[in-house]
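Trainee: would you be able to build a 3D model of this:
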Amino acid sequence: MPRSQNTNPSPNLKLILENIGPIKTAEIELGGVTVLYGANATGKTTVARAIEDAVKLMNNIGVACSELMELVNYGAKVGRIVLNDYEVSLERTEGFERVNVTIKRGAETLHSGGCAYATGLHIASDLGVDSLAWVRYNDVKLVGVGEEGVLDLKGLVNPLVIKRYISVGEKGQAAKDYDDYIFTINHTVSALTTFWLKVQDDVFFNDGDYFYEPGHVSEGVRRVVLIVAVKVLAERLRELGRKPVLFVEGLEPLHVDMIKGILDEFEDTRVPTIIESHSAFSLKYALKKNWHAYVLKDGVAYNDLTRPELFSSEAVVASEVGEIL
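Mentor: Numbers count the residues shown, from 1 in each chain. Now for the predicted structure:
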């Protein structure tokens, strides 16, 4: 019998950040695909860190006090993370050497105390988010689902991923779930590249003629497989009733044709997906698709992209190119 599919669309979420990392103020709509564009150190990756810590604080997962303190902007005393109706306030105290954590739902205070008592809440399901799949450059960080950890490509396509994260049936069902998982990954990967995966004792890439070890294919191909595999994993979690957010860090190692292929794959996703990018192509694509799109600059997330000052650096480069030509 085929597994039933969850056809619910991606939920709409609102994330508000104040004095978090380099971000002074940001109000970001999540649902479907959201593209964050900006220079290095403008706060794009900070968005993933903020979601990660919010999920941990509200899902009984320990967070290091130093991690919370580092999340607050160095020039501020209080940082705020708001997800839908829930607010996390991080207040530096005692010469900025400690942090107090307050969690509210509307006007109701659910928790208030020092960092040592910051965990133990079980409200992540009401939050609209209960897990995070964070695709970094060479691995994925899973938070709030199964055994939290970091998986490289080999770990992500290992049969154990089914047992740990997405299988709910008996042994025979787990084997079928794994076959479906790899088939879905390969169906997408083979459409985007000339390869598909073969998993035996190790991971191999096949182009129809030869088998290649991962180190013998391009970085771009490996990155495509990593992103696709995490997308499939996150959507399977959604089918099982979980509420993940997917964060994809940097598409720039990929050629523009491959970036377009990846973005096309996310068009109908049921998982709120954030793609951070330095690529103007990704931003243009988001605007054409009417996705949520923001430019992070000078501590602010802008969604009015008609402001020419947001692209002043790019304008200078374009002008210089024109002068050379």
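
Trainee: so which residues of the stretch 201-325 of the chain form helices?
Mentor: 219-239, 256-265, 280-288, 312-324 (DSSP state H, counting those that start in this stretch).

Trainee: please identify the most buried of those.
Mentor: helix 219-239 (a mean of 22; mean count of other C-beta atoms under 10 Å). The C-beta positions use only the backbone N, C-alpha and C, and glycine is treated the same way.

Trainee: check contacts around the most centrally placed residue in the chain.
Mentor: Compute the mean C-alpha point of the chain, and by C-alpha atoms, centre = their mean the closest residue is residue 247, 1.0 Å away. By C-beta atoms under 8 Å, 6 or more residues apart in numbering, residue 247 lies in contact with 47, 48, 51, 132, 133, 134, 135, 273, 274, 276.

Trainee: was I right about the fourth one contacting residue 243?
Mentor: Translated: residue 132. No: using C-beta atoms under 8 Å, residue 132 is not in contact with residue 243, being 10.2 Å away.

Trainee: so which of those two has more stuff around it?
Mentor: Neighbours were counted for residue 132 and for residue 243 using other C-beta atoms under 10 Å; residue 132 has more, 26 against 21.

Trainee: name the SS class of the more buried one, please.
Mentor: Secondary structure for residue 132, judged by DSSP: H, G, I helix; E, B strand; the rest coil, is strand.

Trainee: which residues touch it?
Mentor: Going by C-beta under 8 Å, 6+ apart, residue 132 touches 48, 51, 52, 55, 141, 142, 143, 144, 244, 245, 246, 247.

Trainee: rerun that using 6 Å as the cut-off
Mentor: Residue 132 makes contact with 51, 52, 55, 143, 245 under the criterion C-beta atoms under 6 Å, 6 or more residues apart in numbering.

Trainee: quick one: least confident of the residues you listed?
Mentor: Across these, the smallest pLDDT goes to residue 55, namely 88.

Trainee: what's near enough to touch the nearest residue to that residue once chain neighbours are set aside?
Mentor: Nearest residue to residue 55, sequence neighbours excluded (C-beta to C-beta, 6 or more residues apart in numbering): residue 144, at 4.6 Å. Residue 144 is in contact with 55, 59, 130, 131, counting by C-beta under 6 Å, 6+ apart.

Trainee: cool, and residue 174?
Mentor: 162, 167.

Trainee: mind running it again at 8 Å?
Mentor: By C-beta under 8 Å, 6+ apart, the neighbours of residue 174 are 162, 163, 167.

Trainee: for it, which three-state class applies?
Mentor: helix.

Trainee: how close does it get to residue 162?
Mentor: To residue 162, residue 174 is 5 Å away according to C-beta to C-beta, to the nearest Å.

Trainee: what of residue 271?
Mentor: 18 Å.

Trainee: now do residue 97
Mentor: Counting by C-beta to C-beta, the gap from residue 97 to residue 162 is 44 Å.

Trainee: go on, residue 74?
Mentor: Separation of residue 74 from residue 162 (C-beta to C-beta): 43 Å.

Trainee: and the spatially closest residue to residue 208 that is not a sequence neighbour, what element?
Mentor: Distances taken as C-beta to C-beta, 6+ apart put residue 194 closest to residue 208, at 7.6 Å, once the chain neighbours are dropped. When elements are assigned from DSSP states H and E, residue 194 belongs to no helix and no strand.
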